[in-house]
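*Asks:* Generate a structure from the sequence data that follows.
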Amino acid sequence: MSSHTAITRIIGAAGGAFAPGHLGELTRIVPFEMVDAVLAECGKTQHRTRLIPARVTVYLLLAGGLFAHLGWGLVWDKLTAGLGPGPRPSGSALYYARKRLGTAPLRALFGHLAGPGAAAARWRGLLVCAIDGTGIDVPDTDANRERFGLHSGGHARAGYPQIRLVALVAAGTRALLGAVWGATADTEQHLARSLLERLRAGCLLLADRGFASADFLARAAATEADLLIRIPAHWRPRTLQHLGDGTRLVRIGRLRLRLIEAEITINTTGGTRTGAYRLATTLTDPTAHPALDLIELYHQRWEIETVYAELKSSLLGRTVLRATDPAGLDQELWSLLVLYQVLRCAIDDACTTADLTPLSASFKLAIECARDQLIQAAGIVDDEQIDLAGRIGTELIARPLPARRLRTAPRAIKRAISKHRAKGQINRRTYKATLEIALIDTR
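*Replies:* Modelled structure (predicted):
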């Protein structure tokens, strides 16, 4: 591991009514100047100093993501715990402060922070991106039901309405590049179209079979990004040419793509599992982009599943969002995504100062350190220099994650709604495993 390098930034502390407006050590990533600029850009700068200024409301909303299990009054207590005695706003005052602020500043703040990060690695010069969707539970109110709907399946209907969230992430850092959401009835493909503008030449998009349609492939390819997308087994695209490595060029819609077919086998002491993969890609040169390398690379698509686990489990703790109306949910979800990206920026900063990769840094550890620093109001100083890694980065560098085990189990429901509907006897044991990839020669 390389020696620690000190990189510095200067941060000024707020005072008076603005004092509760901070994010602990993370304030260096979302400094006062950035928040004030976003407020001015969105026309939300207050004309008079209130008990809860607009800047403070932004930090309150971001802090709400660190303490998702607490109400807004208790989140305020966390913000002011390290500042000494001061006024405590009522619940209605906190509500109207959030309502005055609206959604636009949080969305604009996300736009300023979104990006792959300085530590993002490239694969043969390409930024590997992944796109996928998930559902997030929201409070069961009439307004939320009408806007987002209730998911139903089998013999039962879901207990909560859900937001369908679709995100685009950098696979090498798990940083967010873009996000969009809608109702349960909205398809992931439909929502994802607005994220394609985030792609450009030099990106490589990974996606699962849910995004395999001629229309989506054409729209994605029009961005000049390269594609590596799994396609369904029943597709029979027209063959244009057989290539020397056993792959072939095919026509899907208007696109000329390379089709790679392979059989993947996982061997463990508990048995052997085999599955078939069919990948379509715009990388058509077998010499420059060998098929086996692309099959191994496709596994990075799972990084977006980890992003959703970090959002829903590590940050939200599987709790339901707070807001009882769609406008409040939009504000809360943008705040959560901004906070997630801020934590990713902190991890990225740590990686630039040590021999650490973003995927080997513990996201849960970053959350716990950030909570401690916020409660202590630590890292908010006047006319002093702050080590870029900070306390959060120091902990991440000292306690990296162990090497990742090979995934051996298929996705399955671990906590079924009904014990009578659990999917059989699922083996939860962890095995040492080896992976074998065999190309299916289509010549």
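*Asks:* where exactly do the helices run in the stretch 251-400 of the chain?
*Replies:* 291-298, 303-309, 326-352, 363-375, 390-398 (DSSP state H, counting those that start in this stretch).
*Asks:* winner for burial among those helices?
*Replies:* Highest mean neighbour count of those: helix 326-352, a mean of 23 (counted as mean count of other Cβ atoms under 10 Å). Every residue, glycine included, has its C-beta placed from N, CA and C.
*Asks:* Quick one: list the elements packing against that one.
*Replies:* Counting contacts by 3 or more Cβ pairs under 8 Å, 6 or more residues apart in numbering; DSSP states H and E, helix 326-352 packs against helix 54-66, helix 91-101, helix 104-113, helix 142-148, strand 162-170, strand 175-182, helix 363-375, helix 390-398.
*Asks:* tell me how far the second one is from the chain's mean position?
*Replies:* What separates the centre of helix 91-101 from the centre of its chain is 28 Å, taken as Cα atoms, centre = their mean, to the nearest Å.
*Asks:* Who are the contact partners of the spatially most central residue of the chain?
*Replies:* The centroid of the chain falls nearest to residue 307 when counting by Cα atoms, centre = their mean (4.2 Å). Taking Cβ atoms under 8 Å, 6 or more residues apart in numbering, we find residue 307 in contact with 167, 169, 174, 176, 340.
*Asks:* ok, now with 7 Å
*Replies:* 167, 169, 174 (Cβ atoms under 7 Å, 6 or more residues apart in numbering).
*Asks:* neighbours around the second one, how many?
*Replies:* For residue 169, the neighbour count with other Cβ atoms under 10 Å is 25.
*Asks:* which stretches of the chain have low pLDDT?
*Replies:* The chain contains residues with pLDDT under 70 at 1-13, 152-157, 381-388, 406-431.
*Asks:* repeat that with 50
*Replies:* Low-confidence segments of the chain, defined by pLDDT under 50: 1-12, 382-385, 419-420, 422.
*Asks:* for it, longest strand please?
*Replies:* strand 255-268 (DSSP state E).
*Asks:* which residue ranges form the strands in the stretch 151-300 of the chain?
*Replies:* 152-153, 156-157, 162-170, 175-182, 203-207, 226-230, 238-242, 248-252, 255-268, 271-281 (DSSP state E, counting those that start in this stretch).
*Asks:* Is it possible to get CSV of the ones you listed that adds distance to residue 142?
*Replies:* As requested, the strands of the stretch 151-300 of the chain are arranged in CSV below (distance: least, Cβ to Cβ, whole Å):
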stretch, distance to residue 142
strand 152-153, 18
strand 156-157, 16
strand 162-170, 16
strand 175-182, 19
strand 203-207, 35
strand 226-230, 39
strand 238-242, 51
strand 248-252, 44
strand 255-268, 45
strand 271-281, 44
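*Asks:* looking at the ones you listed, which is closest to residue 403?
*Replies:* strand 255-268 (17.1 Å; Cβ to Cβ).
*Asks:* No further questions, thank you.
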